[in-house]
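Participant: Okay, predicted coordinates and the sequence, questions at the end:
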Amino acid sequence: SMAVPLDDLNVSTSRKFAYLPILDPDPLSPKKLWKGNLKKYNIKNGTLVDKDNKVVFTDKDGVFALNTSDLYNTIINTSRADARRPDQGKPQVGGTYQHIFENNNSRKLFVNQGGSLKSIGTSALTASAKPVGFNALTTYTPTQKQQLLNFLGFPVANTLDVNDTKATGVAFNINKKQLGGVLHSLPQLISKKAELKTDGSIDNTKREDYVLYGSLDGALHVIKDTDYGTNKAGEEVFTFIPKHILEQQGASFVDPDRVASESIFGVDGPWTVFTNYKYTSTKVEALQSLAFGGLRMGGSMYYGLNLSDLTDPKMIYSVGSTYAIDGSATAKGIKNDIVANATTNSNEQKAYAKMGLSFAEPSVGYVMKDGKRVMVNFLAGGYDRCYEDTKFKLGTAVTTNTLANCNGKATAQGNGIYMVQVGQEEVDKTTSTAPNATNENSFNTTSGNGDLLWWTSSDNNGAGNSKFTQASDMKHSVVTEVRVLDRNYDGLTDQIVF
């Protein structure tokens, strides 16, 4: 379904455009990477229209007109299949796909390690180009580094010893660009800045907006949404590939047309964005932008990202389990990229080990901790793949479930709710020594981030009871968004509903 964003800068209205996720399915090859795109259109009288006010769909069944061009279709080059007008209803003409590698023939790529984001790239576009930042990836295998170079447009040999001092041996190839389908990860608008008119209203012709979305190829994307300053609408700002994804579908970065052993889902979970703003008489500007989300069928991890500086994004937390890779019986908990093992298995990791596939959109709430107000995410426990069997039943004596390792389960994977710390509130207060302070609040996301403050499930999985509330009948997976209620309007979460 399309996304029509509310305007963070004027919450009483929606923006007069829609983002249309594109999925190009190949039903005969369900275990290949299904390709896609993200396109943007205007809304006029409740109808989707292109930049020339042409109606996008020809009928109520959603058949694409062949004479339209989306708002991101800004490059005209008849020698390129993705840069033509009109787009003739083709999935990978126009849209954000058109702009991949348009930032000086490169992609700004981040991966995660040790609870932080690592920037990687190359030094040039020729065969003498050297990897940049790869030596820091000490937990990545040689094959995984080769896969990442392929994503960056360098089809390196599978024998290459990837390090920052050795040339790739192959030149950049623009035809290596790929973008998977956009399905459940609905685009999220990130408004960074806008100028105000003399009457105090937002000047929509002078605003700096971005869009965040995930795709089946395995990347989370942030793209420029408006022409503002040097920004060109549709261009990528950066992509983030979770290592958890690479461990499952990294081979598709080398050959996106390969038939995998399992279906490919990538970053397909819903994400949410939190932004707080500072207003002056002439402009409104974001003080802090945070994003939270999961992978849905793509994996069993949730992530928090600090996007306050889009040139230097930061990891807030990564929590979840190895369930997507290892299954229920041997799933290990993960906190800030640290996987539990035989010698290190904290109570938090034991709790996170029960997480299933990260289906639900994280919810933002606020609680008191040590006399300080902290922002938290409420995370649904996740999905158990056993439910893909429509007749799946829980029970230690059940032997009729048809999927592997699904018989005899007393409880499903993901049968819990987790309250995870994002950051502690800080107020930039005006004082005699700081007369120019903003008096605005923000959240310090570098301390206590990823800490499990409270959780509930049918059992504590050996994690102890200090932060745990038992709910004996919570035996099934929790896959819905946890709704957060502040019943007395004191700025703190009083109740959750799911």
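Facilitator: Looks like it arrived, so ask away.

Participant: Could you use CA atoms for every contact and neighbour count after this?
Facilitator: OK.

Participant: Counting neighbours, what do you get for the closest residue in space to Gly320 that isn't next to it in sequence?
Facilitator: Nearest residue to Gly320 in three dimensions, chain neighbours excluded: Met301, at 4.3 Å (CA to CA, 6 or more residues apart in numbering). Met301 has 30 neighbours, counted by other CA atoms under 10 Å.

Participant: With Leu28 instead?
Facilitator: Under the neighbour criterion other CA under 10 Å, Leu28 is assigned a count of 7.

Participant: Next up, the contacts around Ile264.
Facilitator: The neighbourhood of Ile264, defined by CA atoms under 8 Å, 6 or more residues apart in numbering, consists of 31-34, 216-217, 249, 298.

Participant: quick one: which of those residues is nearest to Gly382?
Facilitator: Gly298 (11.7 Å; CA to CA).

Participant: Name all residues that make contact with the closest one.
Facilitator: Gly298 neighbours (CA under 8 Å, 6+ apart): 218, 245, 264-269, 324, 357.

Participant: so Tyr302, which of the three states?
Facilitator: Assigned with DSSP: H, G, I helix; E, B strand; the rest coil, Tyr302 falls in the strand class.

Participant: who touches the residue nearest to Val259 when sequence neighbours are not counted in this structure?
Facilitator: Excluding the flanking residues, the one nearest Val259 by CA to CA, 6+ apart is Lys32, at 4.8 Å. By CA under 8 Å, 6+ apart, the contact list for Lys32 reads 26, 256-260, 263-264.

Participant: Report the secondary structure state of the residue lying closest to Lys54 once chain neighbours are set aside.
Facilitator: Leaving aside its sequence neighbours, Lys54 sits nearest to Thr68 (CA to CA, 6+ apart; 6.3 Å). State at Thr68, reduced to three classes by three-state DSSP: coil.

Participant: any idea how far Thr68 is from Gly115?
Facilitator: Separation of Thr68 from Gly115 (CA to CA, to the nearest Å): 44 Å.

Participant: When the two are compared, which one has more neighbours?
Facilitator: Taking other CA under 10 Å, Thr68 and Gly115 do not tie; Thr68 has more neighbours (23 against 18).

Participant: So which residues of the stretch 151-300 of the chain form strands?
Facilitator: 188-196, 202-214, 220-224, 236-241, 271-279, 283-294 (DSSP state E, counting those that start in this stretch).

Participant: just so I know, which of the ones you listed lies nearest Gly181?
Facilitator: Across the strands of the stretch 151-300 of the chain, closest to Gly181 is strand 202-214 (CA to CA), at 8.9 Å.

Participant: outside of the closest one, which residues touch it?
Facilitator: 9-10, 182, 185-197, 220-228, 266-269, 271.

Participant: so what strands line up beside that strand?
Facilitator: Note on strand 202-214: by DSSP bridges, its sheet partners are strand 188-196 (antiparallel), strand 220-224 (antiparallel).

Participant: mind listing what's buried in it?
Facilitator: 202, 206-214 (16 or more other CA atoms under 10 Å).

Participant: which among the residues you listed gets closest to Arg373?
Facilitator: Closest approach to Arg373 among those (CA to CA): Leu212, at 27.6 Å.

Participant: confidence score at the closest one?
Facilitator: Per-residue pLDDT puts Leu212 at 98.

Participant: what's the spacing between the closest residue to it other than its chain neighbours and Tyr323?
Facilitator: Of all residues not flanking Leu212 in the chain, Val222 sits nearest, at 4.5 Å (CA to CA, 6+ apart). From Val222 over to Tyr323 the distance is 27 Å, taken as CA to CA.

Participant: Check Val4 too.
Facilitator: Taking CA to CA, one finds Val4 at 34 Å from Tyr323.

Participant: who's more crowded, these two?
Facilitator: Tyr323 (25 against 19).

Participant: So the residue nearest to the more buried one when sequence neighbours are not counted versus Gly36, what's the distance?
Facilitator: Distances taken as CA to CA, 6+ apart place Ala331 nearest to Tyr323, at 4.7 Å, with adjacent residues excluded. Ala331 sits 32 Å away from Gly36, going by CA to CA.

Participant: end to end, how far does stretch 12-22 reach?
Facilitator: 28 Å.

Participant: Any chance you could list what contacts it?
Facilitator: So stretch 12-22 is in contact with 1-7, 36-44, 48, 91, 181-183, 186-187, going by CA under 8 Å, 6+ apart.
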